[in-house]
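>>> Got a predicted structure plus its sequence, pasted below:
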Amino acid sequence: MATIMTPRDSGRFIAENSKGVKIISDGVRKIAEFMAQKIKEGSYNMQSWKEHELNPKTMDKAALDWIFVSDTLNFSFWSEDENDKYVVNYGGKKHTGYWSLCAAINRALDEGIPFTDPHFYATITRDKLEHVLRSDSKQTIPLLDERLQVLQEAGKVLLQKFDGSFVNVIRLCEKSAQTLVQMIVENFPSYRDMTEFCGKTVAIYKRAQILVADIWACFEGKGYGEFTDIDTITMFADYRIPQALLYFGVIEYSDELMEFLRKDPMMKTGDRYEVEIRGCSIWATELVSEETRRILDADVDGRNLISNSIIIDFYLWDYRRAHADEMGNIPFHKIRCIYY
Ligand SMILES: Nc1nc2c(c(CN[C@H]3C=C[C@H](O)[C@@H]3O)cn2[C@@H]2O[C@H](COP(=O)(O)O)[C@@H](O)[C@H]2O)c(=O)[nH]1
(Lines give C-alpha, C1' and ligand atoms only; values in the text may rest on other atoms or scores of the structure.)
Protein backbone atom coordinates (compact mmCIF):
# COMPACT_ATOMS: atom_id res chain seq x y z
CA MET A 1 0.00 0.00 0.00
CA ALA A 2 1.36 3.46 -0.86
CA THR A 3 2.14 5.43 2.31
CA ILE A 4 -1.19 6.85 3.33
CA MET A 5 -1.40 9.88 5.60
CA THR A 6 -2.29 9.18 9.24
CA PRO A 7 -5.70 10.41 10.40
CA ARG A 8 -3.93 13.32 12.16
CA ASP A 9 -2.12 14.41 9.00
CA SER A 10 -5.29 13.78 6.97
CA GLY A 11 -7.22 16.04 9.35
CA ARG A 12 -4.65 18.82 9.01
CA PHE A 13 -4.56 18.49 5.19
CA ILE A 14 -8.37 18.60 4.97
CA ALA A 15 -8.55 21.61 7.33
CA GLU A 16 -5.94 23.47 5.25
CA ASN A 17 -8.00 22.90 2.08
CA SER A 18 -11.51 23.14 3.50
CA LYS A 19 -14.01 25.63 2.06
CA GLY A 20 -17.23 24.84 3.94
CA VAL A 21 -15.83 24.30 7.44
CA LYS A 22 -13.62 26.63 9.49
CA ILE A 23 -11.84 26.05 12.81
CA ILE A 24 -12.34 28.92 15.29
CA SER A 25 -9.26 29.41 17.49
CA ASP A 26 -11.23 31.22 20.20
CA GLY A 27 -13.55 28.21 20.39
CA VAL A 28 -10.57 25.86 20.58
CA ARG A 29 -9.16 27.82 23.52
CA LYS A 30 -12.48 27.98 25.38
CA ILE A 31 -13.27 24.26 25.12
CA ALA A 32 -9.66 23.43 26.07
CA GLU A 33 -10.02 25.47 29.27
CA PHE A 34 -13.34 23.69 29.94
CA MET A 35 -11.75 20.25 29.34
CA ALA A 36 -8.67 21.02 31.45
CA GLN A 37 -10.99 21.94 34.30
CA LYS A 38 -13.00 18.70 33.93
CA ILE A 39 -9.80 16.64 33.88
CA LYS A 40 -8.27 18.48 36.85
CA GLU A 41 -11.40 18.05 38.98
CA GLY A 42 -11.36 14.35 38.03
CA SER A 43 -14.89 14.40 36.68
CA TYR A 44 -13.74 12.83 33.42
CA ASN A 45 -10.99 10.28 32.83
CA MET A 46 -10.41 6.91 31.22
CA GLN A 47 -12.30 5.16 34.05
CA SER A 48 -15.43 7.01 32.85
CA TRP A 49 -15.61 4.45 30.02
CA LYS A 50 -16.45 1.61 32.47
CA GLU A 51 -19.02 3.74 34.28
CA HIS A 52 -21.37 3.31 31.33
CA GLU A 53 -23.74 0.56 32.53
CA LEU A 54 -23.64 -1.33 29.21
CA ASN A 55 -19.85 -1.36 28.80
CA PRO A 56 -17.85 -4.35 30.12
CA LYS A 57 -16.59 -3.97 33.69
CA THR A 58 -13.90 -6.65 33.53
CA MET A 59 -10.41 -6.42 32.00
CA ASP A 60 -10.20 -9.82 30.38
CA LYS A 61 -10.49 -11.65 27.05
CA ALA A 62 -14.30 -11.65 27.26
CA ALA A 63 -14.25 -7.83 27.43
CA LEU A 64 -11.89 -7.71 24.46
CA ASP A 65 -14.14 -9.99 22.40
CA TRP A 66 -17.12 -7.80 23.34
CA ILE A 67 -15.34 -4.59 22.28
CA PHE A 68 -14.25 -6.07 18.94
CA VAL A 69 -17.80 -7.11 18.03
CA SER A 70 -19.35 -3.84 19.21
CA ASP A 71 -16.83 -1.72 17.26
CA THR A 72 -17.21 -3.90 14.16
CA LEU A 73 -20.92 -2.99 14.25
CA ASN A 74 -20.45 0.52 15.63
CA PHE A 75 -21.97 2.58 12.81
CA SER A 76 -25.06 4.39 11.53
CA PHE A 77 -27.56 4.51 14.37
CA TRP A 78 -29.27 7.79 13.48
CA SER A 79 -32.94 7.50 12.48
CA GLU A 80 -34.76 9.37 9.67
CA ASP A 81 -37.54 10.23 12.14
CA GLU A 82 -36.40 11.40 15.59
CA ASN A 83 -39.73 10.19 16.96
CA ASP A 84 -39.40 6.73 15.45
CA LYS A 85 -36.10 5.27 16.60
CA TYR A 86 -34.67 1.77 16.80
CA VAL A 87 -34.95 0.86 20.51
CA VAL A 88 -33.63 -2.03 22.61
CA ASN A 89 -34.94 -2.47 26.13
CA TYR A 90 -32.35 -3.77 28.56
CA GLY A 91 -31.84 -3.52 32.32
CA GLY A 92 -35.22 -1.87 32.62
CA LYS A 93 -34.24 0.98 30.30
CA LYS A 94 -34.92 1.94 26.67
CA HIS A 95 -31.65 2.26 24.76
CA THR A 96 -31.28 4.09 21.45
CA GLY A 97 -28.40 4.95 19.11
CA TYR A 98 -25.04 3.39 19.85
CA TRP A 99 -26.28 2.16 23.22
CA SER A 100 -29.03 0.13 21.53
CA LEU A 101 -26.30 -1.98 19.91
CA CYS A 102 -24.59 -2.55 23.28
CA ALA A 103 -27.95 -3.45 24.82
CA ALA A 104 -28.64 -5.96 22.04
CA ILE A 105 -25.21 -7.57 22.49
CA ASN A 106 -25.72 -7.91 26.26
CA ARG A 107 -29.29 -9.20 25.74
CA ALA A 108 -27.94 -11.91 23.41
CA LEU A 109 -25.24 -12.95 25.87
CA ASP A 110 -27.88 -13.14 28.64
CA GLU A 111 -29.92 -15.40 26.35
CA GLY A 112 -26.93 -17.76 26.05
CA ILE A 113 -26.14 -16.72 22.47
CA PRO A 114 -22.29 -16.64 22.15
CA PHE A 115 -22.52 -13.44 20.09
CA THR A 116 -18.95 -12.32 20.87
CA ASP A 117 -17.38 -15.64 19.83
CA PRO A 118 -15.99 -15.53 16.26
CA HIS A 119 -16.68 -19.26 15.89
CA PHE A 120 -20.35 -18.23 16.17
CA TYR A 121 -20.52 -14.97 14.21
CA ALA A 122 -18.21 -16.01 11.33
CA THR A 123 -21.14 -18.03 9.95
CA ILE A 124 -24.08 -16.30 11.63
CA THR A 125 -27.24 -16.37 9.48
CA ARG A 126 -29.25 -13.28 8.63
CA ASP A 127 -32.20 -14.64 10.64
CA LYS A 128 -30.03 -15.16 13.71
CA LEU A 129 -28.49 -11.67 13.45
CA GLU A 130 -31.97 -10.20 12.92
CA HIS A 131 -33.05 -11.95 16.15
CA VAL A 132 -30.02 -10.66 18.10
CA LEU A 133 -30.56 -7.07 16.87
CA ARG A 134 -34.37 -7.20 17.08
CA SER A 135 -36.07 -3.96 17.99
CA ASP A 136 -38.41 -3.12 20.85
CA SER A 137 -39.97 -0.40 18.69
CA LYS A 138 -41.46 -0.31 15.19
CA GLN A 139 -38.09 0.84 13.78
CA THR A 140 -35.52 -1.85 12.91
CA ILE A 141 -31.74 -1.32 13.04
CA PRO A 142 -30.37 0.41 9.93
CA LEU A 143 -28.10 -1.53 7.51
CA LEU A 144 -28.84 -5.06 8.80
CA ASP A 145 -27.43 -6.70 5.63
CA GLU A 146 -24.24 -4.63 5.81
CA ARG A 147 -23.88 -5.55 9.50
CA LEU A 148 -24.25 -9.24 8.55
CA GLN A 149 -21.53 -8.91 5.91
CA VAL A 150 -18.98 -7.06 8.08
CA LEU A 151 -19.60 -9.35 11.06
CA GLN A 152 -19.14 -12.60 9.09
CA GLU A 153 -16.04 -11.12 7.42
CA ALA A 154 -14.50 -10.08 10.74
CA GLY A 155 -15.20 -13.51 12.23
CA LYS A 156 -13.68 -15.36 9.28
CA VAL A 157 -10.50 -13.23 9.36
CA LEU A 158 -10.10 -13.78 13.13
CA LEU A 159 -10.45 -17.55 12.64
CA GLN A 160 -8.22 -17.77 9.55
CA LYS A 161 -5.45 -15.37 10.57
CA PHE A 162 -5.54 -14.88 14.32
CA ASP A 163 -6.55 -18.23 15.77
CA GLY A 164 -10.05 -17.01 16.62
CA SER A 165 -9.31 -14.16 18.99
CA PHE A 166 -8.54 -10.44 18.76
CA VAL A 167 -6.05 -11.05 21.60
CA ASN A 168 -3.72 -12.44 18.95
CA VAL A 169 -3.95 -9.24 16.90
CA ILE A 170 -2.91 -7.22 19.95
CA ARG A 171 -0.07 -9.62 20.73
CA LEU A 172 1.47 -8.70 17.32
CA CYS A 173 1.26 -4.91 17.65
CA GLU A 174 4.17 -4.53 20.11
CA LYS A 175 2.13 -2.11 22.26
CA SER A 176 1.89 0.40 19.41
CA ALA A 177 -1.55 1.92 18.79
CA GLN A 178 -0.45 2.99 15.28
CA THR A 179 0.72 -0.54 14.46
CA LEU A 180 -2.58 -1.92 15.74
CA VAL A 181 -4.59 0.57 13.63
CA GLN A 182 -2.59 -0.46 10.56
CA MET A 183 -3.10 -4.19 11.33
CA ILE A 184 -6.85 -3.60 11.74
CA VAL A 185 -7.28 -1.76 8.40
CA GLU A 186 -5.00 -4.21 6.55
CA ASN A 187 -6.77 -7.35 7.83
CA PHE A 188 -10.38 -6.21 8.30
CA PRO A 189 -11.64 -4.49 5.11
CA SER A 190 -14.76 -3.02 6.72
CA TYR A 191 -12.48 -0.78 8.83
CA ARG A 192 -10.88 0.85 5.75
CA ASP A 193 -12.42 4.29 6.31
CA MET A 194 -10.53 6.38 3.76
CA THR A 195 -11.30 8.50 0.72
CA GLU A 196 -9.88 10.91 -1.90
CA PHE A 197 -9.70 14.65 -1.15
CA CYS A 198 -7.98 17.33 -3.26
CA GLY A 199 -5.99 14.68 -5.10
CA LYS A 200 -4.74 12.83 -2.00
CA THR A 201 -5.86 9.71 -0.16
CA VAL A 202 -6.99 10.70 3.32
CA ALA A 203 -7.45 8.16 6.13
CA ILE A 204 -10.10 8.82 8.79
CA TYR A 205 -10.13 5.31 10.28
CA LYS A 206 -12.91 6.11 12.75
CA ARG A 207 -13.81 2.53 13.77
CA ALA A 208 -10.19 1.30 13.77
CA GLN A 209 -9.20 4.12 16.11
CA ILE A 210 -12.21 3.85 18.44
CA LEU A 211 -11.53 0.10 18.68
CA VAL A 212 -8.01 0.85 19.96
CA ALA A 213 -9.37 3.61 22.23
CA ASP A 214 -12.11 1.43 23.74
CA ILE A 215 -9.51 -1.29 24.49
CA TRP A 216 -7.16 1.32 26.05
CA ALA A 217 -9.99 2.75 28.20
CA CYS A 218 -11.46 -0.62 29.21
CA PHE A 219 -8.04 -1.92 30.32
CA GLU A 220 -7.07 1.49 31.76
CA GLY A 221 -3.86 1.61 29.76
CA LYS A 222 -2.62 -1.71 31.17
CA GLY A 223 -2.44 -5.30 29.90
CA TYR A 224 -4.13 -5.60 26.51
CA GLY A 225 -4.75 -1.83 26.72
CA GLU A 226 -1.12 -0.77 27.14
CA PHE A 227 0.07 1.37 24.21
CA THR A 228 3.23 3.47 24.15
CA ASP A 229 1.81 5.85 21.53
CA ILE A 230 -1.88 6.10 22.52
CA ASP A 231 -1.73 9.91 22.31
CA THR A 232 -1.31 9.64 18.51
CA ILE A 233 -4.90 8.36 18.19
CA THR A 234 -7.22 11.13 16.97
CA MET A 235 -10.87 11.87 17.65
CA PHE A 236 -13.30 9.44 15.98
CA ALA A 237 -14.93 11.24 13.06
CA ASP A 238 -18.56 10.21 13.43
CA TYR A 239 -21.69 12.33 12.92
CA ARG A 240 -21.99 13.41 16.58
CA ILE A 241 -18.70 15.10 17.49
CA PRO A 242 -18.99 17.59 14.61
CA GLN A 243 -22.40 18.50 16.06
CA ALA A 244 -20.82 19.08 19.50
CA LEU A 245 -17.89 21.07 18.04
CA LEU A 246 -20.34 23.26 16.10
CA TYR A 247 -22.43 23.73 19.26
CA PHE A 248 -19.35 24.83 21.25
CA GLY A 249 -18.20 27.18 18.47
CA VAL A 250 -14.99 25.23 17.83
CA ILE A 251 -15.89 24.87 14.15
CA GLU A 252 -18.11 27.00 11.93
CA TYR A 253 -19.98 26.06 8.77
CA SER A 254 -20.28 28.40 5.75
CA ASP A 255 -23.72 29.78 4.84
CA GLU A 256 -23.74 27.46 1.83
CA LEU A 257 -23.02 24.40 3.99
CA MET A 258 -25.65 25.39 6.57
CA GLU A 259 -28.14 25.93 3.71
CA PHE A 260 -27.21 22.55 2.27
CA LEU A 261 -27.67 20.75 5.64
CA ARG A 262 -31.00 22.48 6.26
CA LYS A 263 -32.36 20.56 3.27
CA ASP A 264 -31.60 17.38 5.29
CA PRO A 265 -29.85 15.66 2.36
CA MET A 266 -28.65 12.07 2.38
CA MET A 267 -24.91 12.30 1.69
CA LYS A 268 -22.58 9.77 0.11
CA THR A 269 -19.17 8.53 1.23
CA GLY A 270 -16.53 10.87 -0.18
CA ASP A 271 -18.81 13.89 -0.70
CA ARG A 272 -16.68 17.02 -0.32
CA TYR A 273 -18.75 18.37 2.57
CA GLU A 274 -18.65 15.01 4.36
CA VAL A 275 -14.85 14.90 4.17
CA GLU A 276 -14.51 18.54 5.25
CA ILE A 277 -16.81 18.06 8.25
CA ARG A 278 -14.99 14.88 9.38
CA GLY A 279 -11.47 16.09 8.61
CA CYS A 280 -11.89 19.53 10.21
CA SER A 281 -13.41 17.86 13.29
CA ILE A 282 -10.32 15.68 13.58
CA TRP A 283 -7.97 18.64 13.27
CA ALA A 284 -10.03 20.87 15.58
CA THR A 285 -9.95 18.17 18.26
CA GLU A 286 -6.18 17.78 17.82
CA LEU A 287 -5.82 21.53 18.45
CA VAL A 288 -8.13 21.30 21.49
CA SER A 289 -6.11 18.35 22.79
CA GLU A 290 -2.80 20.20 22.39
CA GLU A 291 -4.17 23.32 24.11
CA THR A 292 -5.64 21.22 26.95
CA ARG A 293 -2.22 19.59 27.40
CA ARG A 294 -0.54 23.01 27.50
CA ILE A 295 -2.95 24.21 30.19
CA LEU A 296 -2.51 21.05 32.28
CA ASP A 297 1.31 21.09 31.94
CA ALA A 298 1.37 24.69 33.19
CA ASP A 299 -0.30 23.56 36.40
CA VAL A 300 1.72 21.62 38.99
CA ASP A 301 -1.39 19.48 39.70
CA GLY A 302 -2.14 18.99 36.02
CA ARG A 303 1.07 17.81 34.43
CA ASN A 304 0.71 14.13 35.28
CA LEU A 305 -3.01 13.94 34.48
CA ILE A 306 -3.94 11.95 31.37
CA SER A 307 -5.36 13.99 28.53
CA ASN A 308 -5.48 13.25 24.81
CA SER A 309 -7.86 13.35 21.85
CA ILE A 310 -9.55 10.15 23.06
CA ILE A 311 -10.54 11.67 26.42
CA ILE A 312 -11.71 14.87 24.69
CA ASP A 313 -13.72 12.85 22.17
CA PHE A 314 -15.30 10.58 24.78
CA TYR A 315 -16.25 13.61 26.86
CA LEU A 316 -17.79 15.50 23.95
CA TRP A 317 -19.65 12.42 22.80
CA ASP A 318 -21.09 11.75 26.26
CA TYR A 319 -21.90 15.47 26.63
CA ARG A 320 -23.78 15.44 23.32
CA ARG A 321 -25.79 12.38 24.38
CA ALA A 322 -26.63 13.99 27.71
CA HIS A 323 -27.58 17.33 26.05
CA ALA A 324 -29.24 16.00 22.91
CA ASP A 325 -32.23 18.32 23.38
CA GLU A 326 -30.10 21.49 23.63
CA MET A 327 -28.28 20.41 20.48
CA GLY A 328 -31.49 19.44 18.71
CA ASN A 329 -31.28 22.35 16.29
CA ILE A 330 -27.59 21.81 15.51
CA PRO A 331 -27.54 19.96 12.16
CA PHE A 332 -25.54 16.79 11.67
CA HIS A 333 -24.63 15.31 8.31
CA LYS A 334 -26.59 12.20 7.39
CA ILE A 335 -25.12 9.26 5.55
CA ARG A 336 -25.72 5.54 5.56
CA CYS A 337 -22.37 3.75 5.59
CA ILE A 338 -20.44 1.11 7.50
CA TYR A 339 -17.64 3.47 8.57
CA TYR A 340 -19.30 5.51 11.35
N1 LIG B 1 -16.63 10.12 18.20
C2 LIG B 1 -17.28 9.16 18.87
N3 LIG B 1 -18.24 8.47 18.23
C4 LIG B 1 -18.88 7.50 18.95
C5 LIG B 1 -18.57 7.17 20.25
C6 LIG B 1 -19.44 6.10 20.61
C7 LIG B 1 -19.54 5.35 21.86
N8 LIG B 1 -18.43 5.48 22.75
C9 LIG B 1 -18.83 5.61 24.10
C10 LIG B 1 -18.64 4.39 24.87
C11 LIG B 1 -17.80 4.64 25.87
C12 LIG B 1 -17.22 5.96 25.78
O13 LIG B 1 -17.24 6.63 27.01
C14 LIG B 1 -18.06 6.68 24.80
O15 LIG B 1 -18.96 7.51 25.44
C16 LIG B 1 -20.24 5.84 19.51
N17 LIG B 1 -19.88 6.70 18.55
C18 LIG B 1 -20.50 6.93 17.24
O19 LIG B 1 -21.58 7.86 17.47
C20 LIG B 1 -22.65 7.56 16.57
C21 LIG B 1 -23.83 7.10 17.41
O22 LIG B 1 -24.34 8.25 18.08
P23 LIG B 1 -25.88 8.20 18.57
O24 LIG B 1 -26.71 8.00 17.27
O25 LIG B 1 -26.10 9.55 19.24
O26 LIG B 1 -25.96 7.01 19.50
C27 LIG B 1 -22.15 6.45 15.67
O28 LIG B 1 -21.47 7.00 14.56
C29 LIG B 1 -21.14 5.74 16.58
O30 LIG B 1 -20.18 5.03 15.82
C31 LIG B 1 -17.54 7.90 20.91
O32 LIG B 1 -17.18 7.71 22.08
N33 LIG B 1 -16.93 8.88 20.16
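Ah, there it is. Numbers count the residues shown, from 1 in each chain.
>>> For this protein, just list every one of the strands.
Listed in chain order, the strands found in the chain under DSSP state E are 21-23, 88-90, 93-95, 194-197, 200-203, 251-253, 266-267, 334-335.
>>> would TSV of those strands with mean pLDDT, distance to His131 and mean neighbour count be doable?
In this view, the C-beta of every residue, glycine as well, is placed from N, C-alpha and C. Below are the strands of the chain laid out as TSV (pLDDT from 0 to 100; distance: least, Cβ to Cβ, whole Å; neighbours: other Cβ atoms under 10 Å):
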stretch	mean pLDDT	distance to His131	mean neighbour count
strand 21-23	98	41	21
strand 88-90	98	12	19
strand 93-95	98	17	16
strand 194-197	97	33	18
strand 200-203	97	35	19
strand 251-253	98	41	21
strand 266-267	96	28	14
strand 334-335	96	27	18
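>>> Include distance to Val275 when you put those strands into CSV, please.
Output for those, formatted as CSV (distance: least, Cβ to Cβ, whole Å):
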stretch, distance to Val275
strand 21-23, 10
strand 88-90, 32
strand 93-95, 31
strand 194-197, 5
strand 200-203, 7
strand 251-253, 14
strand 266-267, 10
strand 334-335, 11
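>>> can you list those in TSV and add distance to the ligand?
Converted to TSV, the strands of the chain look like this (distance: least, Cβ to the nearest ligand atom, whole Å):
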stretch	distance to the ligand
strand 21-23	16
strand 88-90	12
strand 93-95	9
strand 194-197	16
strand 200-203	16
strand 251-253	14
strand 266-267	14
strand 334-335	10
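>>> pLDDT at the closest residue to the ligand within the stretch 51-200 of the chain, what is it?
Using Cβ to the nearest ligand atom, the closest approach of the stretch 51-200 of the chain to the ligand is made by Gly97 at 2.1 Å. With respect to pLDDT, Gly97 scores 97.
>>> repeat for the one 3 residues further on
For Ser100, the model assigns a pLDDT of 98.
>>> pretty sure it is in contact with Trp78, am I right?
No - at 11.5 Å, Ser100 does not count as touching Trp78 under the criterion of Cβ atoms under 8 Å.
>>> out of the two, which sits in the more crowded spot?
In terms of neighbours (other Cβ atoms under 10 Å), Ser100 is the more surrounded of Ser100 and Trp78; the figures are 25 against 18.
>>> ok, now which ones touch the more buried one?
77, 86-88, 141 (Cβ atoms under 8 Å, 6 or more residues apart in numbering).
>>> out of the residues you listed, who's nearest Ile282?
Closest approach to Ile282 among the contacts of Ser100 (Cβ to Cβ): Phe77, at 20.5 Å.
>>> That closest one and Val87 touch, don't they?
No - here Phe77 does not reach Val87: they are 11.0 Å apart, not a contact under Cβ under 8 Å.
>>> Need the overlap of contacts for those two.
Both Phe77 and Val87 are contacted by 96, 100, under the criterion Cβ under 8 Å, 6+ apart.
>>> the more surrounded of those two?
Higher neighbour count among Phe77 and Val87: Phe77, with 21 against 18, using other Cβ under 10 Å.
>>> OK, contacts around the residue nearest to that one when sequence neighbours are not counted?
Excluding the flanking residues, the one nearest Phe77 by Cβ to Cβ, 6 or more residues apart in numbering is Gly97, at 4.4 Å. Contact analysis of Gly97 by Cβ under 8 Å, 6+ apart lists 77-78, 85, 321.
>>> Would you convert those residues into TSV that also reports pLDDT and distance to the ligand?
Listed next are these as TSV, based on pLDDT from 0 to 100; distance: Cβ to the nearest ligand atom, whole Å:
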residue	pLDDT	distance to the ligand
Phe77	97	4
Trp78	96	5
Lys85	97	9
Arg321	94	6
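>>> which one among these gets closest to Thr269?
Nearest member of these to Thr269, counting by Cβ to Cβ, is Trp78, at 15.2 Å.
>>> so what's that closest one up against?
Residues in contact with Trp78 (Cβ under 8 Å, 6+ apart) are 97, 142, 239, 332, 334.
>>> how does it look with 10 Å?
By Cβ atoms under 10 Å, 6 or more residues apart in numbering, the contact list for Trp78 reads 85-86, 96-97, 142, 238-240, 332-336.
>>> same deal with Arg278?
7, 10-11, 14, 21, 193, 195, 197, 202, 204, 206, 235-239, 241-242, 333, 335, 339-340.
>>> Tell me how many other residues crowd Thr96.
Count around Thr96 with other Cβ under 10 Å applied: 19.
>>> er, Met183 actually
Neighbours of Met183 (other Cβ under 10 Å): 19.
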